[in-house]
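**Student:** Below are the sequence and a predicted model; questions follow.
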Amino acid sequence: MKKTLTINISGIIINIDEDAYEALNRYLERVKNHFSGQEGGDEICSDIESRIAELLGQRISETKQVITIEDVNEVTEIMGDVGEMAGDSDQETTGPG
């Protein structure tokens with residue numbers, strides 16, 4: 001038996017299990033920390049949160065009513081690493097030269 005929570009993410013009400021909530025919360029905190037202080041950072045965070053809400057909402061059906069850690073992992077993989085979203089290039093990329 002797992003504890004579930006009801007959250008409101010970008011105006012969408014979602015039932016989520018406790019492990020998934022913690023993972024999602026950590027991800028969103030990384031997003032907020034990365035974009036805080038940047039011009040338009042709040043809007044970027046809001047857009048990312050909206051997209052995550054949309055992707056999580058697609059995983060709800062008549063037979064599946066609760067978001068799991070697997071769902072959150074899939075969504076965060078789709079969204080990518082925070083640095084990837086921003087187009088940051090901390091690592092050099094090598095390609096045909």
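**Tutor:** That came in fine, so what should we check first?

**Student:** Name the residues that touch stretch 56-76?
**Tutor:** 4, 9, 12, 14-17, 19-20, 23-24, 27, 52, 55 (CB atoms under 8 Å, 6 or more residues apart in numbering). (Each C-beta comes from the backbone N, C-alpha and C, glycine too.)

**Student:** Any idea how far apart the tips of it sit?
**Tutor:** The straight-line separation of the ends of stretch 56-76 (CA to CA, to the nearest Å) is 10 Å.

**Student:** buried set for it?
**Tutor:** Within stretch 56-76, the residues scored as buried using 16 or more other CB atoms under 10 Å are 56, 59, 66-69, 71-72, 75-76.

**Student:** Tell me the buried residues in the host helix or strand of A53?
**Tutor:** Here A53, judged by DSSP states H and E, is contained in helix 41-57. Buried positions in helix 41-57, judged by neighbour count with 16+ other CB under 10 Å: 44-45, 48-49, 52-53, 55-56.

**Student:** And those residues, which is closest to N33?
**Tutor:** Set against N33, the nearest of the buried residues of helix 41-57 by CB to CB is C45 (9.9 Å).

**Student:** related to what we said a few turns ago, from the contacts of stretch 56-76, which ones fall inside helices?
**Tutor:** Residues of the contacts of stretch 56-76 located in helices (DSSP state H): 19-20, 23-24, 27, 52, 55.

**Student:** Just the buried residues from the residues you listed, in PyMOL please.
**Tutor:** Command for PyMOL that selects the buried part of those, burial taken from 16+ other CB under 10 Å:
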select buried, resi 20+23+24+27+52+55
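
**Student:** and the ones in helices among the contacts of stretch 56-76, which two are the farthest apart?
**Tutor:** D19 and L55 (17.8 Å).

**Student:** What does T68 show for phi and psi?
**Tutor:** phi -110, psi 170 (degrees, to the nearest 10).

**Student:** In JSON lines, list the contacts of stretch 56-76 along with pLDDT and distance to D81.
**Tutor:** Below are those laid out as JSON lines (pLDDT from 0 to 100; distance: CB to CB, whole Å):
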{"residue": "T4", "pLDDT": "96", "distance to D81": "28"}
{"residue": "I9", "pLDDT": "94", "distance to D81": "20"}
{"residue": "I12", "pLDDT": "93", "distance to D81": "24"}
{"residue": "I14", "pLDDT": "96", "distance to D81": "23"}
{"residue": "N15", "pLDDT": "97", "distance to D81": "27"}
{"residue": "I16", "pLDDT": "97", "distance to D81": "22"}
{"residue": "D17", "pLDDT": "97", "distance to D81": "24"}
{"residue": "D19", "pLDDT": "97", "distance to D81": "21"}
{"residue": "A20", "pLDDT": "97", "distance to D81": "19"}
{"residue": "A23", "pLDDT": "97", "distance to D81": "14"}
{"residue": "L24", "pLDDT": "97", "distance to D81": "15"}
{"residue": "Y27", "pLDDT": "97", "distance to D81": "10"}
{"residue": "I52", "pLDDT": "97", "distance to D81": "14"}
{"residue": "L55", "pLDDT": "97", "distance to D81": "16"}
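
**Student:** Brilliant, that's me finished.
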